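Trainee: Sequence and computational prediction follow.
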There are 2 protein chains.
Amino acid sequence: MSNKTIPYKIYLDEHEMPKQWYNMRADMKNKPAPLLNPGTLKPMTVEELSGVFCKELAKQELDDTTAYIDIPDEILKFYKMYRPSPLVRAYCLEEKLKTPAKIYYKFEGNNTSGSHKLNSAIAQAYYAKQQGLKGVTTETGAGQWGTALSMACSYFDLDCKVYMVKVSYEQKPFRREVMRTYGASVTPSPSETTEVGKRILAEHPGTTGSLGCAISEAVEAAVGTEGYRYVLGSVLNQVLLHQSVIGLETKAALDKYDITPDLIIGCAGGGSNLGGLISPFMGEKLRGEKDYHFIAVEPASCPSFTRGKFAYDFCDTGKVCPLAKMYTLGSGFIPSANHAGGLRYHGMSTVLSQLYDDGLMEARAVEQTAVFEAAEQFARIEGILPAPESSHAIRVAIDEAVKCRETGEEKTIVFGLTGTGYFDMVAYENFHNGNMTDYIPTDEDLKPGFESLPKMD
Amino acid sequence: MSNKTIPYKIYLDEHEMPKQWYNMRADMKNKPAPLLNPGTLKPMTVEELSGVFCKELAKQELDDTTAYIDIPDEILKFYKMYRPSPLVRAYCLEEKLKTPAKIYYKFEGNNTSGSHKLNSAIAQAYYAKQQGLKGVTTETGAGQWGTALSMACSYFDLDCKVYMVKVSYEQKPFRREVMRTYGASVTPSPSETTEVGKRILAEHPGTTGSLGCAISEAVEAAVGTEGYRYVLGSVLNQVLLHQSVIGLETKAALDKYDITPDLIIGCAGGGSNLGGLISPFMGEKLRGEKDYHFIAVEPASCPSFTRGKFAYDFCDTGKVCPLAKMYTLGSGFIPSANHAGGLRYHGMSTVLSQLYDDGLMEARAVEQTAVFEAAEQFARIEGILPAPESSHAIRVAIDEAVKCRETGEEKTIVFGLTGTGYFDMVAYENFHNGNMTDYIPTDEDLKPGFESLPKMD
């Protein structure tokens, strides 16, 4: 197989697509720390979690021993509508960079949600439907997750209530309209539809909202309504489990051509894409079968891995969710207003946090003008207009390929291209017009966030 | 092969991709009428056309005898970056419609231009580069063509000047930003940069522009600048030639599974997609090898096939381009302001016009609220948010599938899904908010257009 010409795009045949998700936790010696009940500080049980999440998802959230979990047929059927996603050999980029490195990217943007988020949205909607629920609630910031969930709910004929951070709701009317096309109701947050929304509006009249507030509203709307549950598009173990389909497809495609990557790069906000992309490779590393170099790339303006603390913290600003042990800037951390796009969550997946703490992966922070330079360069050479989030991975992939040019190393680099930037053209416009700046928080800037960490004793 | 399970998405392998374009004109008994020099009313020569178009493209424009033309390697290489496009079996739509019909769509939206336009843009940019030109000029209305050309020019490092209808420039700032990302200069038209622009601005101060005016500016900018030529994304014979890649891929994918379509449906504005999609099938019909039923779908508000005249007309409002014999509403025809999206050209490809006049295809006009109903239904069931233009074909595909439910016929329907609607959310918003209306011009409304037809004697 190894002397086959490698096509520009490697597509798996339908029968080669993964039929099981892979659960990295099963192979971790140091398991991720358990979620704690914020009242008792005891590990959350499936029963406790089932008040907020669907029962099956609560089970998946806590299952750290089952390595492979069957993907239900209904989800496989939906996956076939937009998957497999292509693994693309970036021949043109390699040529332009004059690098001996071989660059591949796994492109998850070829579906209407414009990102990988759909992989978990359809799973979460499926289990909600199985449980006989009427609908689900969620929050969305940049809008990819809300769009993905709307599509998934539309497919299963579930009601979908999205709380969209007010500033995004106003700045991104097109994202909102896409969700409406799929039948979702979209409420700007904070709103008068929840108690927590009313309270926040009373305390901060005219606030443009935050992800933390939107989460609190979505959780209240779910818990307070018969037949509803809350769903979340990142950070959670269940989300990484569903997103493992990205890595499993990537590995199957590489295996077809006997390719072993040296370097695997992904952007990291809450960790949904990175955790999914690296899963099967990290599994081999954890089992001592192979070694890979993993790089998590995060914004310098929201540096949870590179400058955060590894500690128990609240998952939401409203402090209603369970506590998770993770690399965090503190739930009180608010990224600078000049930060464009997503990757603005204060914490990080507990799984990835543990792996990072165990020295199994590297993390790197990059500044946004350098990210948009890479984005534009990539668009012009490879054709695809990338999302700002994905462009963090592009930045480091290009940097590493340039290093290879200098050292002469023929490394094989794989990175995750999580999505497209069609709804992010305001950020591109600022970049083109020279109105984009960089921001690296000082230690002083990070202080209030760290002070918001819960006292655990 | 015929008892193979048909996957949701049929992808050709790289080596199965077409290596030649197919030129329908070679198999037409009644050739399309020649382009005429507007001054002499004599057929245009390659030399005359070469003042406006690249030499090689001028040749392709006039070549009605060569059936297959090799696709240059550089173009094949670029095609591999975003092609083959999938031929998708719409299993979920079939199920929802409870139809015995089998529905397939050829999806051309998975590239950053968001449409099939890139197939010809890259070819036109290639020949411009081959000729040693510095750059090209063009006009764009809705923006797909301008985006596609920007991408193509960026790839070949050619300068790209786009004249964008002013109202679109202002209403679609994101389209403009995408073009800027690829390094194009985008000028709102009419502008002070050309004589014709200045004249129009003097005559109609405050005008929001028109496609006709933008064409005139782009032609002037090309003809008046050393090292530049003008390029166009539809209507022309060369464009249909390049777009034949859509139909050739479709046919190869169907042939792999021994599938013969009964009905092939495409939206039609200037004819670029429809002409490309039907090419190889129409070839078989013209050669008497097989029979197919073709349906061109156009907006009821711009009904060139269904209510136009088959006559020589100007291709542009400024009347500087050659005369073409086509189904036309007259170059003076302006579609109603309430018409959303593209498909607003007054005329139609001369090739398709001849085929239609010879009774080889059907044409149908549909109203836009019915089109958006189909668009939303399709998005919810098949996941993809379609462009308004593409949704004309969806409307008729659904109508025909529903007819099959009633008659019990197991027809195989193929339609062209030309692109995505991410930059058309204003139209979707109007639809959601009940602010979209239908408009069918009266015979009286069509009169001024017909009166603008040239007197030929």
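Mentor: On my side now, so go ahead. Just so it is clear, the model here is predicted, and its values are computed rather than measured.
Trainee: Now name the helix or strand holding A:His346.
Mentor: Here A:His346, judged by DSSP states H and E, is contained in no helix and no strand.
Trainee: sorry, that was for A:Ala123
Mentor: A:Ala123 belongs to helix A:118-130 when elements are defined using DSSP H and E.
Trainee: So the following helix or strand past that helix, near chain B or not?
Mentor: Next helix or strand after helix A:118-130 toward the C-terminus (DSSP H and E): strand A:135-140. No - Strand A:135-140 lies apart from chain B when judged by C-beta under 8 Å from any C-beta of the partner chain; the minimum separation is 15.3 Å. C-betas here are computed from N, CA, C, even on glycine.
Trainee: Return the alpha-carbon coordinates of the helix or strand that strand A:135-140 is followed by using CSV.
Mentor: Using DSSP H and E, the helix or strand that directly follows strand A:135-140 along the chain is helix A:144-156. Output of helix A:144-156 as CSV, limited to C-alpha atoms (Å, rounded to 0.1, in the frame of the first residue of the first chain):
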residue,chain,number,x,y,z
GLN,A,144,-21.3,26.9,15.6
TRP,A,145,-22.6,24.8,18.4
GLY,A,146,-26.1,26.3,18.3
THR,A,147,-26.2,25.8,14.5
ALA,A,148,-25.1,22.1,14.8
LEU,A,149,-27.6,21.4,17.5
SER,A,150,-30.5,23.0,15.5
MET,A,151,-29.6,20.8,12.6
ALA,A,152,-29.6,17.7,14.8
CYS,A,153,-32.8,18.6,16.6
SER,A,154,-34.5,19.3,13.3
TYR,A,155,-33.5,15.8,12.1
PHE,A,156,-35.0,14.1,15.1
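Trainee: Are there helices or strands packed against helix A:144-156, and which ones?
Mentor: Contacting helix A:144-156 under the criterion 3 or more C-beta pairs under 8 Å, 6 or more residues apart in numbering or on different chains; DSSP states H and E are the following elements: helix A:118-130, strand A:135-140, strand A:159-165, helix A:173-181, helix B:368-382.
Trainee: was I right about A:Arg287 contacting A:Met28?
Mentor: No - counting by C-beta atoms under 8 Å, A:Met28 is not a contact partner of A:Arg287; they are 10.3 Å apart.
Trainee: Give me the more crowded residue out of the two.
Mentor: When neighbours are counted by other C-beta atoms under 10 Å in any protein chain shown, A:Met28 comes out ahead of the other of A:Arg287 and A:Met28, with 18 against 10.
Trainee: And the pLDDT for A:Asp443?
Mentor: Turning to A:Asp443, the model gives it a pLDDT of 96.
Trainee: any idea how far it lies from A:His339?
Mentor: When C-beta to C-beta, to the nearest Å is the yardstick, A:Asp443 and A:His339 sit 18 Å from each other.
Trainee: do A:Tyr8 as well
Mentor: Following C-beta to C-beta, the distance that separates A:Tyr8 from A:His339 is 34 Å.
Trainee: swap in A:Gln60?
Mentor: Plainly put, A:Gln60 is 31 Å away from A:His339 if you go by C-beta to C-beta.
Trainee: neighbour count winner among the two?
Mentor: Neighbours around A:Gln60 and A:His339, counted as other C-beta under 10 Å, are more numerous at A:Gln60. The numbers are 25 against 19.
Trainee: Summarise which helices and strands the host helix or strand of that one is packed against.
Mentor: Secondary structure here is read from DSSP H and E; on that basis A:Gln60 sits in helix A:55-62. With contacts taken as 3+ C-beta pairs under 8 Å, 6+ apart, helix A:55-62 sits against helix A:46-49, helix A:118-130, helix A:237-256.
Trainee: can you redo these as CSV with distance to A:Ala152?
Mentor: What follows is the helices and strands packed on helix A:55-62, written out as CSV (distance: least, C-beta to C-beta, whole Å):
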stretch, distance to A:Ala152
helix A:46-49, 20
helix A:118-130, 4
helix A:237-256, 11
